[in-house]
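Participant: Got a sequence here, can you model it:
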Amino acid sequence: MVMGIGEGKIDLVLDSTAVQSGGKITGKLKLELNSPTKARELRVEVLGKQWQSHTEFRGGRSHHTRSQVIVYTDKKVLGSAETFSTNEYPFEFVAPAVEKPQASEGIMGAISGFAKAVGMGPAPIEYYVKGTLDLEMAFDINKEVRINIS
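Facilitator: Modelled structure (predicted):
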């Protein structure tokens, strides 16, 4: 067996997956382990991820790639350097402030709306809550849940 695989699982139970900008993200991280397990850290994070395009020039040609970049992070450590067993851990975060898009008027508003519709504007930020049991010398146990911040 590969270390970390089959050790157990994490479940994230959120009070709501729809949160107001600046509101509270609350829930429980449920840790279910097959046996007591030594780990470096148990943490929960709020992550903001955004798809970004990159252009690289090689050999006289341009190459376009896309990658998802973390643009926001907030972390809480629920336990560190100890032996963990099956348990529940409550958590609470303040949701990041999200700017609401402003409707532009006239021709510039129409151009801006069209550019965003066809993917030419900046990609929206997608928010997630992620729970991690950071195991020593093994694959970590993770769970990620998408949330909507408006």
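Participant: ranges for the strands of the protein?
Facilitator: Per DSSP state E, the chain carries strands over the ranges 8-14, 18-19, 24-33, 37-58, 61-84, 87-94, 126-135, 141-149.
Participant: got the contact list for Pro124?
Facilitator: When the contact criterion is Cβ atoms under 8 Å, 6 or more residues apart in numbering, the partners of Pro124 are Gln50. All C-beta atoms are positioned from the backbone trio N, CA, C, and that covers glycine.
Participant: And for the one 3 residues further on?
Facilitator: Taking Cβ under 8 Å, 6+ apart as the definition of contact, the neighbours of Tyr127 are Val46, Leu47, Gly48, Lys49, Tyr72, Ala95, Pro96, Arg146, Ile147, Asn148, Ile149.
Participant: between those residues, which is nearest His63?
Facilitator: When those are ranked by distance to His63 (Cβ to Cβ), Lys49 comes first, at 22.4 Å.
Participant: Isn't that closest one up against Ile70?
Facilitator: Yes. If you go by Cβ atoms under 8 Å, Lys49 and Ile70 touch, sitting 5.7 Å apart.
Participant: Between the two, which has more neighbouring residues?
Facilitator: Ranked by neighbour count (other Cβ atoms under 10 Å), Lys49 and Ile70 place Lys49 first, with 18 against 12.
Participant: Not counting its neighbours along the chain, what's nearest Phe91?
Facilitator: Leaving aside its chain neighbours, Phe91 sits nearest to Val44 (4.8 Å; criterion: Cβ to Cβ, 6 or more residues apart in numbering).
Participant: Report the beta-bridge partners for Thr132.
Facilitator: Note on Thr132: beta-bridge partners by DSSP bridges are Arg43, Asn142.
Participant: rewinding a little: out of the strands of the chain, which comes closest to Lys100?
Facilitator: For the strands of the chain, proximity to Lys100 was assessed by Cβ to Cβ; strand 141-149 is nearest, at 10.9 Å.
Participant: Done for today, thanks.
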